[in-house]
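Chemist: Sequence plus predicted model, see below.
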Amino acid sequence: MFGYRPDGRRISSIDPIVRMTPYLMPMRCDAQVFLQHKVDYEKLARYIAAQSNKGEKITFMNIIVAAYVRAVSQHPEVNRFIMNKQYYSRNNCTVSFTMLKDPHNADGGETVVKIRFDPTDTIYDVRDRMSAQVEANRGVEQKNFADKLARGVLAVPCVPTLVVGLVRLLDRYGLCPGALLDELPFHTGMFITNNASIGLHHVNHHIYNFGSTSLFFGMGTVERSVVLDGDGKPRLKRMLPIGITADERVCSGAHYAGFFATMSSHLNNPELLEVPPEAVRYDPKVEYHEPKIRERQVTTEKATGSA
């Protein structure tokens with residue numbers, strides 16, 4: 001309320017044409033645009049194999065998320081959201097995704113996790129954060145906050161409608177508790193789904209009207225595409241397709257173009273993600289940091305040793 005929310009800060013220094021769009025398209029589903037992007041699967045596979053030879057386990061999803069985090073560090077305009085027709089700069093860099101609790105048994109159920117990243121994160125930092133969350137939620141018996149909340153709300157008839165309606169109302173006016181927003185997976189900068197892990201093609205997933213998600217990435221199974229080699233001759237090449245759905249109201253087309261150019265550059269050259277960015281851009285009065293996983297472990301070990 002009054003320009004402040006637990007998950008962001010209201011911004012008004014936006015081009016009037018862009019700022020007018022929420023009044024013309026009040027819902028995210030009104031403003032979603034669909035993009036298709038193909039990444040050189042063979043190049044990423046070689047990079048992953050080289051990292052494996054060094055003892056580092058990296059996945060395709062790690063690389064895509066790391067490229068997103070790096071692009072956000074250079075283009076904070078994309079890390080914004082719209083609530084009640086007002087623009088907010090997110091005070092975190094978060095990614096949510098759905099995972100199987102038992103990767104070998106689809107009947108074991110699934111859950112949704114949300115991970116906070118630091119703008120200076122390298123590919124290794126991103127891998128560590130994602131691995132930690134996956135391990136913490138692996139297992140049929142594991143129940144995170146989202147699981148417990150959904151189970152509790154659904155236990156009583158009519159309660160789901162009342163609870164969701166109340167959260168929507170509080171969220172609209174910036175009164176939703178920060179502790180709740182931190183846990184809700186739909187209040188995130190980007191949602192990603194890995195359809196390739198279950199053998200499905202990529203999709204352009206809709207953006208949820210509930211929450212604050214502005215981007216949705218959908219990975220799919222590898223495709224063979226005809227490309228031109230260095231000599232201008234056509235050849236078949238394996239490509240990793242990604243369906244991207246974006247809320248066009250969040251920023252100008254030029255800002256989106258810069259964001260995707262940065263992300264594409266790092267997907268084509270994943271070794272650039274091994275070091276932190278030279279500098280990080282933030283929206284005015286919005287700077288955030290997240291402790292590194294390894295730093296946190298060292299601090300915990302020191303505290304345990306001194307106890």
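Modeler: Right, received. Where do you want to start?
Chemist: Just the terminal-to-terminal distance for stretch 74-89.
Modeler: 14 Å (Cα to Cα, to the nearest Å).
Chemist: buried sites along it?
Modeler: Under the neighbour-count criterion of 16 or more other Cβ atoms under 10 Å, stretch 74-89 has 74-83, 86-89 buried. C-beta coordinates here come from the backbone N, C-alpha and C atoms, glycine included.
Chemist: do the same with stretch 268-285
Modeler: Buried residues in stretch 268-285 (16+ other Cβ under 10 Å): Pro270, Leu272, Leu273, Pro277, Val280, Asp283.
Chemist: ok, residues contacting it?
Modeler: 9, 11, 13, 39-40, 43-44, 47, 63, 66-67, 70, 73-77, 79-80, 89, 119-124, 126, 265-266, 288 (Cβ atoms under 8 Å, 6 or more residues apart in numbering).
Chemist: Restricted to strands, list those residues.
Modeler: When DSSP state E defines the strands, the subset of the contacts of stretch 268-285 inside them is Arg9, Val39, Asp40, Arg80, Ser89.
Chemist: hang on, the fourth one packs against Arg90?
Modeler: Yes - using Cβ atoms under 8 Å, Arg80 makes contact with Arg90 at a distance of 6.4 Å.
Chemist: Can you tell me which of the buried residues of stretch 74-89 is closest to Pro22?
Modeler: Ile82 (5.1 Å; Cβ to Cβ).
Chemist: Please state the offset of the host helix or strand of that closest one from the chain centre?
Modeler: Per DSSP states H and E: Ile82 is located in strand 80-83. Here the centre of mass of C-alpha atoms in strand 80-83, compared against the chain's by Cα atoms, centre = their mean, to the nearest Å, lies 15 Å away.
Chemist: Kindly report the same for stretch 229-241.
Modeler: 29 Å.
Chemist: For that stretch, buried residues please.
Modeler: Buried-residue list, stretch 229-241, by 16+ other Cβ under 10 Å: Lys237, Met239, Leu240, Pro241.
Chemist: Do a quick rundown of the helices in this protein.
Modeler: With DSSP state H as the criterion, the chain has helices at 16-24, 28-31, 41-53, 60-74, 123-137, 145-154, 159-172, 178-183, 253-268, 293-306.
Chemist: which of these is buried the deepest?
Modeler: Comparing those by mean neighbour count (mean count of other Cβ atoms under 10 Å), helix 60-74 comes out on top with a mean of 24.
Chemist: and that helix with helix 253-268, angle?
Modeler: 140 degrees (axes from the mean of the first three to the mean of the last three Cα atoms, to 10 degrees).
Chemist: And the pLDDT for Tyr4?
Modeler: For Tyr4, the model assigns a pLDDT of 79.
Chemist: coming back round to it: Throw the buried residues of stretch 74-89 into TSV and include distance to Ala261, thanks.
Modeler: Putting the buried residues of stretch 74-89 into TSV (distance: Cβ to Cβ, whole Å) gives the following:
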residue	distance to Ala261
Gln74	10
His75	9
Pro76	15
Glu77	13
Val78	12
Asn79	16
Arg80	18
Phe81	22
Ile82	23
Met83	28
Gln86	28
Tyr87	23
Tyr88	25
Ser89	21
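Chemist: ok, so of these, who is nearest Ala31?
Modeler: Ile82 (8.7 Å).
Chemist: picking that back up, Lys114: which of the helices of the chain is closest?
Modeler: Of all the helices of the chain, helix 178-183 comes closest under Cβ to Cβ, at 7.4 Å.
Chemist: Now the closest one: average pLDDT?
Modeler: Mean predicted lDDT for helix 178-183 stands at 93.
Chemist: same thing with stretch 189-197?
Modeler: 92.
Chemist: Could you list the buried residues of that stretch?
Modeler: For stretch 189-197, using 16+ other Cβ under 10 Å, the buried residues are Gly189, Met190, Phe191, Ile192, Thr193, Asn194, Asn195, Ala196.
Chemist: quick one: which of the residues you listed sit in strands?
Modeler: Filtering these for strands - DSSP E - leaves Met190, Phe191, Ile192, Thr193, Asn194.
Chemist: pretty sure the first one is in contact with Leu215, am I right?
Modeler: Going back to what we said before, that points to Met190. Yes - taking Cβ under 8 Å as the definition, Met190 is a contact partner of Leu215 at 4.3 Å.
Chemist: shared neighbours of those two, anything?
Modeler: Tyr68.
Chemist: Longest strand of this protein, counting residues only.
Modeler: In terms of residue count, the longest strand belonging to the chain (DSSP E) is strand 234-247.
Chemist: With only the CA atoms kept, save it in PDB.
Modeler: Coordinates of each C-alpha in strand 234-247 appear next as PDB, following Å, rounded to 0.1, in the frame of the first residue of the first chain:
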ATOM      1  CA  PRO A 234      22.300 -27.000 -45.000                       C
ATOM      2  CA  ARG A 235      22.600 -29.700 -42.400                       C
ATOM      3  CA  LEU A 236      20.600 -31.300 -39.600                       C
ATOM      4  CA  LYS A 237      21.300 -30.200 -36.100                       C
ATOM      5  CA  ARG A 238      19.900 -31.000 -32.700                       C
ATOM      6  CA  MET A 239      18.200 -28.100 -31.100                       C
ATOM      7  CA  LEU A 240      16.600 -27.600 -27.600                       C
ATOM      8  CA  PRO A 241      13.300 -25.800 -28.100                       C
ATOM      9  CA  ILE A 242      11.900 -23.300 -25.500                       C
ATOM     10  CA  GLY A 243       8.500 -21.800 -25.600                       C
ATOM     11  CA  ILE A 244       8.400 -18.400 -23.900                       C
ATOM     12  CA  THR A 245       5.300 -16.600 -22.800                       C
ATOM     13  CA  ALA A 246       5.800 -13.000 -21.600                       C
ATOM     14  CA  ASP A 247       3.600 -10.200 -20.100                       C
END
